[in-house]
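A.B. asks: give me coordinates for this.
(chains A and B)
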Amino acid sequence: MDLRYTAAEQTFRRELCAWLAATLPGVGAPPPHDDWPARRAYDLHWQRLLFDAGYAGVDWPAEGGGRGASPIEQLIFKEECERAGAPYVGVGFVGLLHAGPTIIAEGTPEQKGRYLPAILRGEEVWCQGFSEPDAGSDLASLRTRAVRDGDDYVVTGSKIWTSHAEVADYCELLVRTGDAGNRGISWLIMPMDTPGIEIRPLRTIEGTTEFAELFLNEVRVPVANRVGEENDGWRVTMVTLSFERGTAFVGELLECVRLLGEVRGIADRLGLLGDEGMVRRIGHLVAVFDALWALTKRNVSEAAQTGIPGIGGSVFKLSFSEHAQALGDLAVEVLDRAALCADPLDGPDGGALGNAEQLHAWFKSISLTIAAGTSQVQRNIVAERILGLPKAR
Amino acid sequence: MDFRVGDDQRELAEGIRSMLAGRMPLEHLRAREGNEQAIATDDWAALGETGVFALTLPEPSGTGLGLADAAVVFEELGRGLVPGPVVGTFLAASAGVVDGAAEGRAQVGVHTASRPPGPVLVEHLGVLEALLVLDADGPAQLLTPAPVGGAHRVEHPLDPLTPLWRLDALPFGGSVADDHGQLWRQGALLTAALQVGHAAAALELAVAYAKERHQFGKPIGSFQAVKHMCADMLVRAEVARAAVHAAACLSDAPDVVAAEAEAAGCAPGQMLERSVVGAKLLADEAALANARTSIQVHGGMGFTWEVPLHLHLKRARVLSTSFKTPADASAALAAYA
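C.D. replies: Below is the predicted model:
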């Protein structure tokens, strides 16, 4: 057990901080949430800056064109980017965190050469076509059908929760090529300009269109676009999902630490720090977020030694998502009636109150116990795989 | 950085665990329930011989280990429900203020509750060589001999393995030189480590019972309602353990504390206090909530004297009232948001 960073890790941090300090002033403010073309341009520009500086795919292995940084360096990268207020991965999320790593692990040399450099350079955007209206937590029951016709698959069905679909160039698509169950699934690369794809934006409870539904009507996808063997897509998918549970929420955790400080500041400005109950809730979250940062270091250390993030990620996600919601609930209570307004308001001192950002974070927190494996599924995973309790489904 | 529990620490924990299982298994310890001396003199000496109180003393009198190693050992003491003033004796040994503490020849208590006008309750008082009185902000005081005059033994203490004495007031003692809250922080940290042990033991008992107890023709651990309670227990224990280990590692590494304090914009001492108080808070919560949840998983059996869960619950209650209570800890931490 040692929290000391090595000399190499400290050098990595120092160089990164210097680069961020020099680069970020020229990046500008992010575009509005609902302006997708502008968001695509902004996020890809940032990706290009990362690429030129050698930080693109910091978590990708060198043979995939990434930096091949150690898990500890990846943690430092996320920590310093969040601390410096750097842009988030944004529309690059699926390409950089899901599709790219899957192609590195399972793709052919041609697929790697065709798709990976464009993701790293910030030239192409990916979206994810996994979940379906009738296949959520039970993903292996998916029914979007792909039928072989010569050198193509003809794909018909529908997908849901597809982030960034409107601005994506490719979709990582799970289709049924065989029997029911997880042995009849294949993993395809679907160009989003193929005829037969209809995109319908899905409005969230916040009123924004972060997600879309995809309707696929006899979409022709070349067989050459299949990653892995036919009907072996479930195993290929598990490779993807293991990336999703590694250090995936580090940025969100550090964001919560920042938001908590702002909530305390708002409470102070509104004269609420005499309320012992409220003060204790703030202090409790300080302890929890500190502990989750320690747990992150533990999980990342595990990944650094074994190469696998392991299922410590489920433990982390269960606690983190619940406490991010506790923070959101605390924030809207501190804001009281100011949280009825999603437009920015001024505080009693004339300065911006910060209500809009806190309200946005509150909405986002509600999705955290659902997205990337509901808390109920996570508890099953923890109970069965870590504690060895019997399966009963 | 490598924040995994190291192989040597795992071996240390296993060594302590097997020593406890062989030398003082639960039924042996439970034979002293209600006794005014919670642990036999030779068992205490055995803890001393194993080096439990001298882990961080330099060789040859100690083993020259760090607080992270001590946290691993104290988790095992909690898991094994070892009674007696283990934290106070460790602190007295590490500060070198009571002869025989390091070797397990003396028992030294620790008292941290604030000094209200009413009666004072002190654990194990009748058998103590000395009593450390700790304050988060001031130097430690040592009352030696322990203030037994005018103390009355409590007839029905909450924890049958933690005898209690009642005094009208606590006298003032001499200050321990060179202490500026370190003993308080170490004591809070090791108490938190004990609590992680209680949280872990409650979880292990629940999981074992959920696998073997059948109802409706199935092990109850196959029901999601039970499974999810167990998963939540694991989450609480793991998060608290990470917090305790991080606080211990910080205490062992002044250079890391200095760097983190600078990044957070506070003094190194505050950084240490923040990590220790946070760890104590989460460990208290994990121990209390896991003991309660484990009782629920055990159903009616969990409510019996025979099943040891009440002992974990009661000890966790005792420990949660020393150093900072969860309420005081969370109030103190708000300043760091």
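
A.B. asks: dump the residue contacts of the closest residue to residue A:204 other than its chain neighbours.
C.D. replies: Among residues not flanking residue A:204 along the chain, residue A:210 sits closest, at 5.7 Å (Cβ to Cβ, 6 or more residues apart in numbering or on different chains). Yep, even glycine has a C-beta here, placed from its N, CA and C like the rest. By Cβ atoms under 8 Å, 6 or more residues apart in numbering or on different chains, the contact set of residue A:210 is A:163, A:202, A:204.

A.B. asks: burial measure for residue A:215, as a count.
C.D. replies: Residue A:215 has 15 neighbours, counted by other Cβ atoms under 10 Å in any protein chain shown.

A.B. asks: what subset of the contacts of residue A:210 is buried?
C.D. replies: Among the contacts of residue A:210, those classed as buried by 16 or more other Cβ atoms under 10 Å in any protein chain shown are A:163, A:202.

A.B. asks: how much space separates the residue nearest to residue A:204 from residue B:103?
C.D. replies: Distance of residue A:210 to residue B:103, given as Cβ to Cβ, to the nearest Å: 64 Å.

A.B. asks: related to what we said a few turns ago, of all the contacts of residue A:210, the one with the weakest confidence?
C.D. replies: Ranked by pLDDT, the contacts of residue A:210 bottom out at residue A:163, which has 90.

A.B. asks: what residues are up against that one?
C.D. replies: A:93-94, A:127-128, A:210-212.

A.B. asks: what's the most distant pair in those residues?
C.D. replies: Between any two of the contacts of residue A:163, the greatest separation by Cβ to Cβ is 14.3 Å, found for A:93 and A:212.

A.B. asks: roughly how far apart are the residue sitting furthest away from the middle of chain A and residue A:358?
C.D. replies: Here the centre of chain A is the reference, and by Cα atoms, centre = their mean the most remote residue is residue A:274, at 37.7 Å. Residue A:274 sits 21 Å away from residue A:358, going by Cβ to Cβ.

A.B. asks: can you pull out the helices in the stretch 151-300 of chain A?
C.D. replies: A:233-244, A:250-269, A:276-306 (DSSP state H, counting those that start in this stretch).

A.B. asks: I meant to write chain B there.
C.D. replies: Per DSSP state H, chain B carries helices over the ranges B:7-23, B:26-30, B:41-50, B:67-79, B:86-95, B:182-212, B:224-252, B:254-264, B:268-297, B:309-320, B:326-333.

A.B. asks: break the chain into its domains for me.
C.D. replies: By default, I'm working from chain A. Domain assignment for chain A by automatic domain parsing gives A:7-88, A:126-230, A:245-386.

A.B. asks: correction: the question concerned chain B.
C.D. replies: Per the record, chain B has its domains at B:7-175, B:182-336, by automatic domain parsing.

A.B. asks: out of those, nearest to chain A?
C.D. replies: The closest of the domains of chain B to chain A is domain B:182-336. By Cβ to the nearest Cβ, the value is 3.4 Å.

A.B. asks: tell me the mean pLDDT over that closest one?
C.D. replies: Taken as a whole, domain B:182-336 has a mean pLDDT of 96.

A.B. asks: now do the same end-to-end measure for it.
C.D. replies: With Cα to Cα, to the nearest Å applied, domain B:182-336 spans 20 Å between its terminal residues.

A.B. asks: what of stretch B:253-271?
C.D. replies: End-to-end span of stretch B:253-271 (Cα to Cα): 12 Å.

A.B. asks: returning to that earlier point: return the most buried member of the helices of the stretch 151-300 of chain A.
C.D. replies: With neighbours defined as mean count of other Cβ atoms under 10 Å in any protein chain shown, the helices of the stretch 151-300 of chain A peak in mean count at helix A:276-306, which reaches a mean of 22.

A.B. asks: that one vs chain B: in contact?
C.D. replies: Yes - using Cβ under 8 Å from any Cβ of the partner chain, helix A:276-306 reaches chain B at A:276, A:279-288, A:290-295, A:297-298, A:300-302, A:304-305.

A.B. asks: need the residues of the stretch 51-200 of chain A near chain B, please.
C.D. replies: Close to chain B, as judged by Cβ under 8 Å from any Cβ, the stretch 51-200 of chain A has residues residue A:72.

A.B. asks: pick out the residue of the stretch 51-200 of chain A closest to chain B.
C.D. replies: For the stretch 51-200 of chain A, the residue closest to chain B is residue A:72, as judged by Cβ to the nearest Cβ, at 5.3 Å.

A.B. asks: is it true that that residue touches residue A:300?
C.D. replies: Yes - using Cβ atoms under 8 Å, residue A:72 makes contact with residue A:300 at a distance of 6.2 Å.

A.B. asks: give me the three-state assignment for residue A:148.
C.D. replies: The three-state assignment at residue A:148 reads strand, by DSSP: H, G, I helix; E, B strand; the rest coil.

A.B. asks: ok, how many other residues are close to the closest residue to it other than its chain neighbours?
C.D. replies: Distances taken as Cβ to Cβ, 6+ apart put residue A:223 closest to residue A:148, at 7.1 Å, once the chain neighbours are dropped. Close neighbours of residue A:223, defined as other Cβ under 10 Å, add up to 15.

A.B. asks: can you get me a residue count around residue A:41?
C.D. replies: 15.

A.B. asks: same check on residue B:292?
C.D. replies: Going by other Cβ under 10 Å, the residues that sit close to residue B:292 add up to 16.

A.B. asks: contacting residues for the residue lying closest to it once chain neighbours are set aside?
C.D. replies: Spatial nearest neighbour of residue B:292, chain neighbours left out: residue B:313 (6.6 Å); criterion: Cβ to Cβ, 6+ apart. By Cβ under 8 Å, 6+ apart, residue B:313 lies in contact with B:288, B:291-292, B:295.

A.B. asks: still on that earlier bit, could you check how far the residue farthest from the centre of chain A is from residue A:268?
C.D. replies: Applying Cβ to Cβ to residue A:274 and residue A:268 gives a distance of 10 Å.

A.B. asks: ok, residue A:247 next?
C.D. replies: 33 Å.

A.B. asks: with residue A:58 instead?
C.D. replies: Taking Cβ to Cβ as the measure, residue A:58 falls 37 Å from residue A:268.

A.B. asks: same question for residue A:220.
C.D. replies: 60 Å.

A.B. asks: please apply the same query to residue A:47.
C.D. replies: Applying Cβ to Cβ, the value for residue A:47 to residue A:268 is 38 Å.

A.B. asks: for residue B:151, same thing?
C.D. replies: Distance, residue B:151 to residue A:268, by Cβ to Cβ: 45 Å.

A.B. asks: who touches the closest residue to residue B:44 other than its chain neighbours in this structure?
C.D. replies: Take residue B:44 and drop its neighbours on the chain: the residue closest to it by Cβ to Cβ, 6+ apart is residue B:104, 5.0 Å away. Residue B:104 makes contacts with B:44-49, B:52-53, B:89, as judged by Cβ under 8 Å, 6+ apart.

A.B. asks: with residue A:134 instead?
C.D. replies: A:141, A:143.

A.B. asks: what about it, distance to residue A:173?
C.D. replies: Taking Cβ to Cβ, one finds residue A:134 at 16 Å from residue A:173.

A.B. asks: please apply the same query to residue A:192.
C.D. replies: 10 Å.

A.B. asks: just residue A:269 next, same as before
C.D. replies: 49 Å.
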